[in-house]
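A.B. asks: Could you work out the structure for the sequence below:
(chains A, B, C, D, E and F)
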There are 6 protein chains.
Amino acid sequence: MKISSIINIRHVPRTGWVLRGVPPAVAETISDHIFLVTLLSLKISEDLRERGFEVDVAKTLTMSLVHDLPEAVTGDIVRYVKEEEPSYFKIIEEKSLESLGMGKYIPLYKDFEERKSVESIIVKLSDYLATIIEGRRLVALGYRDVEEIVENMENLIKNILKSLTNIQLKDALEKTVIDVLKN
Amino acid sequence: MKISSIINIRHVPRTGWVLRGVPPAVAETISDHIFLVTLLSLKISEDLRERGFEVDVAKTLTMSLVHDLPEAVTGDIVRYVKEEEPSYFKIIEEKSLESLGMGKYIPLYKDFEERKSVESIIVKLSDYLATIIEGRRLVALGYRDVEEIVENMENLIKNILKSLTNIQLKDALEKTVIDVLKN
Amino acid sequence: MKISSIINIRHVPRTGWVLRGVPPAVAETISDHIFLVTLLSLKISEDLRERGFEVDVAKTLTMSLVHDLPEAVTGDIVRYVKEEEPSYFKIIEEKSLESLGMGKYIPLYKDFEERKSVESIIVKLSDYLATIIEGRRLVALGYRDVEEIVENMENLIKNILKSLTNIQLKDALEKTVIDVLKN
Amino acid sequence: MKISSIINIRHVPRTGWVLRGVPPAVAETISDHIFLVTLLSLKISEDLRERGFEVDVAKTLTMSLVHDLPEAVTGDIVRYVKEEEPSYFKIIEEKSLESLGMGKYIPLYKDFEERKSVESIIVKLSDYLATIIEGRRLVALGYRDVEEIVENMENLIKNILKSLTNIQLKDALEKTVIDVLKN
Amino acid sequence: MKISSIINIRHVPRTGWVLRGVPPAVAETISDHIFLVTLLSLKISEDLRERGFEVDVAKTLTMSLVHDLPEAVTGDIVRYVKEEEPSYFKIIEEKSLESLGMGKYIPLYKDFEERKSVESIIVKLSDYLATIIEGRRLVALGYRDVEEIVENMENLIKNILKSLTNIQLKDALEKTVIDVLKN
Amino acid sequence: MKISSIINIRHVPRTGWVLRGVPPAVAETISDHIFLVTLLSLKISEDLRERGFEVDVAKTLTMSLVHDLPEAVTGDIVRYVKEEEPSYFKIIEEKSLESLGMGKYIPLYKDFEERKSVESIIVKLSDYLATIIEGRRLVALGYRDVEEIVENMENLIKNILKSLTNIQLKDALEKTVIDVLKN
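C.D. replies: Sure thing, here's the model as predicted:
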């Protein structure tokens, strides 16, 4: 683990915010975001377990921690850039993990991107929820252009929930999402 | 989980740094620190597991995430203030977790403070290592008063290792510590 | 006077603000706060003197300057932490002044905390007024959680004024407070 | 010209710096960089004109101003990400200019990327020189990982100069480069 | 060109903003401002050229770049200070350019101040427009005292337009100003 | 006292630092400076009183507090700009105090500028000492251009001490200056 490189993400503001006018001194960093995603993943995992679902908490938390670490090499690249060549960026991100001495997490990273395991669904939801929470904070401070991202994330969450075929899981996640967002 | 309160630790610079002259724009925040502790805990846990030790990774990661959350209520209080009334501050910290809707983590928090489980040793070491890593970064930037904290942490790590009666564990942790710090 | 330690409070944002979501780059520091308290103390002292009261201006200004200097050692500890063991924190604060080479100001600090002299009443009012002024600025910028502190301070001022038995003094201070806050 | 989008680059720190540990409060932004590139382009253009070369100053300055504007849409993407698919990123950047209402500058942007005109050589050299100037400032402040970028840029400049077949131009540019860097 | 001095304007927040309560981490710097003025000058120049007017684009852009460089020596001095001794400050500013090794731009600077050429009118309008754009951003974030500057700038633009005797030019500039501000 | 205007100096970094490359997030503000000057004035006043000199402490502290308040209107104007027309700036500064509702402090301000009373000597020395203390901090962080200001201030202090005809006072102040600077 090349810690000396990884810790630099603590200085990288998320591109989505700064490109909508939020100064870095006000915007969250990548590490702030990872922290919040990991915490939300913990909450959702435990909510599901309390409702009787099987969740591998160690896997969820590790996936949350790791999901944005490639950005220590690539920086935070916006959706607009990635969306026409997603496979190219997946390769770059896996190479980045490799170069950070974290090659063994590539399967976990792939799992996250493919979103088939319950853990990957939890982390993806947490990722979007964390972005909504930060986005709403920024909108309340007057950064109105951020609203667009918040709405995007709300739709992405709806799509994930809609796509779930396990109705109990869908129900449980819906409750947790509502709980997190009314907070 | 009162997320709206917890996320404010993303704005709180660690008191140890700012009281040694590091401006908040340069110093790490509490959430930056938690992120790094959690990552180091993951690394140490996996190092130990590869060497055949039994470690509950979910527990280690959860403990790392939670270990400084009381500061969302109390702020970051320095050693100097706490050291003569440690039990008072433990009560305050547990009450803080409670008020953050995280009362169920109090046993884990107690475990962390008592440092008996292997997981709590991992998290404590990670806590000190993360502080050394940040401290050295700041010393390299010219913040010389920070050196005192780095030395303190180095001693605390030595003391933990010295206190271990399980020689294999001690050996394994020593190797990991050296590995992290040469990074 | 250990100036090299004291000046570090210029990097410490007030904990009350950052724990309510204000980034350090926007929030005031301890030294910003001391500056404003000292200035308000000057104004109130002179208002009182113009109305015929006897006020020791040197004492008022010195007390204002000194009232938060222990935080150069302790950091800024929030009310929530202090309120159940106020006497413990008083001891810590006096020890801090001592360690800053400012032991001779301990009687003045005690006077401030006991609030019996007219000067200590002036400084306490200035302390609360300065916090209201900064709080309202932050509320206007969209940091809504700060409102709670502003209301607290308004009540503390009311209580001080209510507790005064000298009716002329009470009247004069009331006028000054209104004058400062309509500003 | 979608000014409301373009001005957001004033909040975007250059990714190369922050990924090497420079906090945004210390690092330059994209607009800081563009400002310096434009100023250097002016200097080099005038140096060349004084030595009898024909340079279209309006073209040089416009190219300098425009050369990083696509980053108002894409953010600042590091070399590591771009280098295996340069043509993909060129398309994205041209699309970005288009979406900023600056489609008419695409030929100029292409010229810059192809580096055939004397103006494009001036702007490219200015781009690298501006990065060296900022990099050296950061190295002097203790951000040692930045040195790698400085060396890279120095080599890129050497390569440009080496590739020039017009010996007089090469000589003149060499002198200007030395003059800028000894500054 | 003493680049090592000039680049320091990248750290200087505009005095008008900070004196109205905007923290430097939120306010634009002088170099941010110059960047925006230069970009707007480009836009206005090209708008005019498209409408058949003759504009020396190289001159406009150079003038934009240079118009605030004296502030690398003097800092950003507010209108209130300058308005009673404008000629004194003009001398100081010319001396500053001289000391920055930019003496050859003094005639251009004088042209800018006298506002007789079409290029100087373009740059002056861009200067005011850039200030309005930033000011409106700050007002939207809750910095209400900034409104005064925005209104001032709006009046200054009106006065420039009113003073133009060339009706076609006036018409064309009016359209461009409206176009920029509705952005 | 127009507090709402005065408090804005808490956002104004000192021009001397930022024009030598120190970012506002690292440099002190005007209010930081006033705080330190006032504290040093207190120390010097008490040192002198302990050595038997008569000092009006209220006057010293008030003068310290007030000495840079005109900058709430004018901003921080560097020596280079002021030195050829000092009387013009004195008028502007007095007008500024007036407009801040602090007209009654103009005689005190004049006293400070004329430096005849022992209190004004104390405040002037504190002003220079505070600048040296901050300057040395910045030099230690790698901001080497700041050294020039530190040396200037050291000379100004020497000149003040040299100009004193009261040998006891001179001796006492020399001791205090040495004491402050070895800190």
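
A.B. asks: who does the helix or strand containing residue A:159 touch, helix- and strand-wise?
C.D. replies: In this structure, residue A:159 is located in helix A:147-163 according to DSSP states H and E. Counting contacts by 3 or more Cβ pairs under 8 Å, 6 or more residues apart in numbering or on different chains; DSSP states H and E, helix A:147-163 packs against helix A:118-140, helix A:167-182. Placement of C-beta: from N, CA and C, glycine included.

A.B. asks: CSV for these, including mean pLDDT, mean neighbour count and distance to residue E:22?
C.D. replies: Below are these laid out as CSV (pLDDT from 0 to 100; neighbours: other Cβ atoms under 10 Å in any protein chain shown; distance: least, Cβ to Cβ, whole Å):
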stretch, mean pLDDT, mean neighbour count, distance to residue E:22
helix A:118-140, 98, 23, 17
helix A:167-182, 96, 15, 32
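
A.B. asks: Please name whichever of these is nearest to residue F:115.
C.D. replies: When the helices and strands packed on helix A:147-163 are compared by Cβ to Cβ, helix A:118-140 sits nearest residue F:115, at 50.2 Å.

A.B. asks: May I have the secondary structure class of the residue in chain A that chain D sits nearest to?
C.D. replies: Chain D sits closest to residue A:24 of chain A, with a gap of 3.5 Å, by Cβ to the nearest Cβ. Secondary structure, DSSP: H, G, I helix; E, B strand; the rest coil: residue A:24 is coil.

A.B. asks: what's the neighbour count on it?
C.D. replies: Other residues lying near residue A:24 total 26 when counted by other Cβ atoms under 10 Å in any protein chain shown.

A.B. asks: if I look at it, how far off is residue D:137?
C.D. replies: Going from residue A:24 to residue D:137 by Cβ to Cβ, to the nearest Å gives 18 Å.

A.B. asks: related to what we said a few turns ago, my read is that the residue of chain A closest to chain D contacts residue D:22, right?
C.D. replies: No: look at residue A:24 against residue D:22 with Cβ atoms under 8 Å: they stay out of range, at 11.3 Å.

A.B. asks: so what sits against both of those two?
C.D. replies: Listed as contacting both residue A:24 and residue D:22 by Cβ atoms under 8 Å, 6 or more residues apart in numbering or on different chains are residue D:13.

A.B. asks: can you list the residues of chain A near chain E?
C.D. replies: Residues of chain A lying close to chain E (Cβ under 8 Å from any Cβ of the partner chain) are A:21, A:23, A:24, A:25, A:26, A:141, A:142, A:143, A:144.

A.B. asks: same thing but 6 Å
C.D. replies: A:23, A:25, A:142 (Cβ under 6 Å from any Cβ of the partner chain).

A.B. asks: Just list the residues touching residue A:70, thanks.
C.D. replies: Contacts for residue A:70 (Cβ atoms under 6 Å, 6 or more residues apart in numbering or on different chains) come out as A:93, A:96, A:97.

A.B. asks: Which one of those residues is nearest to residue F:75?
C.D. replies: Distances from residue F:75 to the contacts of residue A:70, taken by Cβ to Cβ, are shortest for residue A:96, at 45.7 Å.

A.B. asks: what about the closest one, helix or strand, and which?
C.D. replies: Secondary structure assignment for residue A:96, by DSSP H and E: helix A:86-99.

A.B. asks: Count the residues that sit near residue A:145.
C.D. replies: 16.

A.B. asks: can you check residue A:37 too?
C.D. replies: 26.

A.B. asks: For my notes, confirm it occurs in a helix.
C.D. replies: Yes: assessed by three-state DSSP, residue A:37 belongs to a helix.

A.B. asks: And the helix or strand that the helix holding residue A:96 is followed by, what's buried?
C.D. replies: Proceeding C-terminally, helix A:86-99 gives way to helix A:106-114 as the next helix or strand, assigned by DSSP H and E. Within helix A:106-114, the residues that count as buried by 16 or more other Cβ atoms under 10 Å in any protein chain shown are A:108, A:109, A:111, A:112, A:113.

A.B. asks: and the residue nearest to residue A:75 when sequence neighbours are not counted, how many neighbours does it have?
C.D. replies: Excluding its sequence neighbours, the residue lying closest to residue A:75 (Cβ to Cβ, 6 or more residues apart in numbering or on different chains) is residue D:15, at 4.1 Å. Close neighbours of residue D:15, defined as other Cβ under 10 Å, add up to 25.

A.B. asks: and if you look at residue A:81?
C.D. replies: 21.

A.B. asks: State the helix or strand in which it lies.
C.D. replies: Counting by DSSP H and E, residue A:81 is found in helix A:79-82.

A.B. asks: before we move on, back to that, how about the residue nearest to residue A:75, what does it touch?
C.D. replies: A:75, D:76, D:78.

A.B. asks: do the same with residue A:67
C.D. replies: By Cβ under 6 Å, 6+ apart, the contact list for residue A:67 reads A:112, A:123.

A.B. asks: Would you quantify the distance from it to chain E?
C.D. replies: Separation of residue A:67 from chain E (Cβ to the nearest Cβ, to the nearest Å): 29 Å.

A.B. asks: Point to the residue nearest the middle of chain A.
C.D. replies: In chain A, the centroid-proximal residue (Cα atoms, centre = their mean) is residue A:127; its distance is 2.4 Å.

A.B. asks: From residue A:157, how far off is that residue?
C.D. replies: Distance, residue A:127 to residue A:157, by Cβ to Cβ: 10 Å.

A.B. asks: try residue A:92
C.D. replies: From residue A:92 to residue A:157 the distance is 26 Å (Cβ to Cβ).

A.B. asks: just residue A:103 next, same as before
C.D. replies: Distance from residue A:103 to residue A:157, by Cβ to Cβ: 31 Å.

A.B. asks: Neighbour count: the two, which is higher?
C.D. replies: The neighbour count for residue A:103 versus residue A:157, taken as other Cβ under 10 Å, is higher for residue A:157 (21 against 12).

A.B. asks: How about chain A: which residue is closest to chain F?
C.D. replies: Residue nearest to chain F within chain A: residue A:25 (7.5 Å; Cβ to the nearest Cβ).

A.B. asks: Next, count neighbours for that residue.
C.D. replies: 21.

A.B. asks: Go ahead and confirm residue A:145 touches residue A:22.
C.D. replies: No: when contacts are counted by Cβ atoms under 6 Å, residue A:145 is not listed as touching residue A:22 (8.8 Å).

A.B. asks: quick check, stretch A:173-183 touching chain B?
C.D. replies: Yes: residues of stretch A:173-183 are located near chain B by Cβ under 6 Å from any Cβ, namely residue A:183.

A.B. asks: Alpha carbons of that stretch, in PDB - could you do that?
C.D. replies: C-alpha atoms of stretch A:173-183 as PDB (Å, rounded to 0.1, in the frame of the first residue of the first chain):
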ATOM      1  CA  LEU A 173     -33.200  -0.400   1.200                       C
ATOM      2  CA  GLU A 174     -35.900   2.100   0.400                       C
ATOM      3  CA  LYS A 175     -36.600   2.500   4.100                       C
ATOM      4  CA  THR A 176     -32.900   3.100   4.800                       C
ATOM      5  CA  VAL A 177     -32.500   5.600   2.000                       C
ATOM      6  CA  ILE A 178     -35.500   7.600   3.300                       C
ATOM      7  CA  ASP A 179     -34.100   7.400   6.800                       C
ATOM      8  CA  VAL A 180     -30.700   8.700   5.700                       C
ATOM      9  CA  LEU A 181     -32.100  11.500   3.700                       C
ATOM     10  CA  LYS A 182     -34.600  12.900   6.200                       C
ATOM     11  CA  ASN A 183     -31.700  13.200   8.600                       C
END
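
A.B. asks: Please compute how far that stretch lies from its chain's middle.
C.D. replies: 16 Å (Cα atoms, centre = their mean, to the nearest Å).

A.B. asks: before we move on, what about stretch A:43-57?
C.D. replies: 18 Å.

A.B. asks: Now residue A:173: closest residue in space that isn't a chain neighbour?
C.D. replies: residue A:161 (6.1 Å).

A.B. asks: Next one: that neighbour, what pLDDT does it get?
C.D. replies: Per-residue pLDDT puts residue A:161 at 97.

A.B. asks: cool, residue A:17 as well?
C.D. replies: Residue A:17 is given a pLDDT of 98.
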